[in-house]
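A.B. asks: one predicted model, sequence on top.
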Amino acid sequence: MIEVKDVHKSFNDNEVIKGVSLSLNEGEVVTILGPSGSGKTTFLRCLNFLEIADSGSITINDQKVTFGEASVDEVLQLRRKMGMVFQNYALFLNKTAKQNIMEPMILVHGYSQQQAEERAETLLQAIGLPEHGNYYPSQLSGGQKQRIGIARALAVHPTVLLFDEPTAALDPELVGEVLKVMKAVKAAGVAMIVVTHEMQFAYEVSDRVIFMADGVIVEEGSPQQIFEHPKESRTQAFLDRFT
Ligand code: ADP
């Protein structure tokens, strides 16, 4: 359903993604683990065209886009199939929670005001914030802001959601409420690619775990394979830091 092939990305002379490929079935959850600086965020941003990869391609359902060759229209069309959740939430501070969820629905996806409002209210309910639609981000906790970020990404029925360290900026006591919403997203059958340091989440929720270091996939497998029987010494050394 989603096929990413041989992505390369350099910043000046520094090649940070060195031929990464990944495929994902419908509703599958893949987590990407790895040390800081290994290229995880850059890879995710390339998939969503927030960075322009030097080469490689991404196919979602039947639409293939080759990095560096696609027209703006093709990129926008592919992008509509993805949602992204950021570490720092990336909410509009001068808009309410509900307006944040509605904005892409109306501006990018052509929903009517009423359709967008109905969907936003359903999602506010689903993320456990039915009473918070009129709150501004400054009036919400980090965990609540991130739940709004997830609702916004989910609102337009994406084929795949990309998460870039969604709980990294949160106080530890707020991490659980965000992970709970992410588990519900999986249960709803939405495919997810999640960059995270939450090992328990990766173990429990992923269908597949990828360990990345120095811009390459060092090892990938089921959570059991990666956490209990890593083959590569670099994977083992990384995981040892968390136990
Ligand atoms: P990770 O998410 O695994 O911590 P990143 O993708 O953030 O890794 O970074 C990978 C490498 O790319 C790092 O060496 C980082 O300094 C470099 N990098 C990331 N973004 C930029 C940029 N916009 N310009 C130059 N170098 C960058």
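C.D. replies: All right, it came through fine. Because the structure is a prediction, the values reported are computed rather than measured.
A.B. asks: this structure: helices as residue ranges?
C.D. replies: 40-47, 72-79, 97-107, 113-126, 142-154, 172-187, 199-205, 223-228, 233-240 (DSSP state H).
A.B. asks: of all these, which lies closest to D214?
C.D. replies: Nearest to D214, of all the helices of the chain, is helix 233-240, at 8.9 Å by CB to CB. No exception for glycine: its C-beta is placed from N, CA and C like everyone else's.
A.B. asks: right, is that closest one up against the ligand?
C.D. replies: No - using CB under 6 Å from any ligand atom, helix 233-240 stays clear of the ligand, coming no nearer than 11.6 Å.
A.B. asks: quick one on the thing from earlier: could you dump the helices of the chain to TSV with mean pLDDT?
C.D. replies: Rendered in TSV, the data for the helices of the chain read as follows (pLDDT from 0 to 100):
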stretch	mean pLDDT
helix 40-47	97
helix 72-79	92
helix 97-107	95
helix 113-126	97
helix 142-154	97
helix 172-187	94
helix 199-205	93
helix 223-228	96
helix 233-240	95
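A.B. asks: pick the most deeply packed of those helices.
C.D. replies: helix 142-154 (a mean of 24; mean count of other CB atoms under 10 Å).
A.B. asks: what packs against it?
C.D. replies: Contact here means 3 or more CB pairs under 8 Å, 6 or more residues apart in numbering; DSSP states H and E; on that basis helix 142-154 packs against strand 82-85, helix 97-107, helix 113-126, strand 160-164, helix 172-187.
A.B. asks: could you give the angle of that helix to helix 172-187?
C.D. replies: 20 degrees (axes from the mean of the first three to the mean of the last three CA atoms, to 10 degrees).
A.B. asks: run the chain-centre distance for helix 142-154.
C.D. replies: 12 Å (CA atoms, centre = their mean, to the nearest Å).
A.B. asks: stretch 28-42 too?
C.D. replies: For stretch 28-42, the distance to the chain centre is 10 Å (CA atoms, centre = their mean).
A.B. asks: then stretch 191-209?
C.D. replies: That offset, for stretch 191-209, works out to 11 Å (CA atoms, centre = their mean).
A.B. asks: do the same with stretch 162-179
C.D. replies: Worked out by CA atoms, centre = their mean, stretch 162-179 lies 12 Å from the chain centre.
A.B. asks: tell me the contacts of P230?
C.D. replies: F211, E219, Q236, L239 (CB atoms under 8 Å, 6 or more residues apart in numbering).
A.B. asks: the last one contacts Q225, doesn't it?
C.D. replies: No - taking contact to mean CB atoms under 8 Å, the distance of 11.9 Å between L239 and Q225 leaves them out of contact.
A.B. asks: spell out which parts of the protein neighbour the ligand.
C.D. replies: F11, V16, G34, S36, G37, S38, G39, K40, T41, T42.
A.B. asks: just list whatever residues bridge to the first one.
C.D. replies: The bridge-partner assignment for F11, based on DSSP bridges, gives N14.
A.B. asks: any idea how far E177 is from it?
C.D. replies: 35 Å (CB to CB, to the nearest Å).
A.B. asks: do the same with the fourth one
C.D. replies: In this view, S36 and E177 are 25 Å apart by CB to CB.
A.B. asks: the third one now?
C.D. replies: Distance from G34 to E177, counting by CB to CB: 25 Å.
A.B. asks: go on, the fifth one?
C.D. replies: As for G37, its distance to E177 is 29 Å (criterion: CB to CB).
A.B. asks: same question for the second one.
C.D. replies: Counting by CB to CB, the separation of V16 from E177 is 33 Å.
A.B. asks: again, but for the last one
C.D. replies: Remark: distance between T42 and E177 (CB to CB) = 28 Å.
A.B. asks: got it, and F67?
C.D. replies: Counting by CB to CB, the gap from F67 to E177 is 36 Å.
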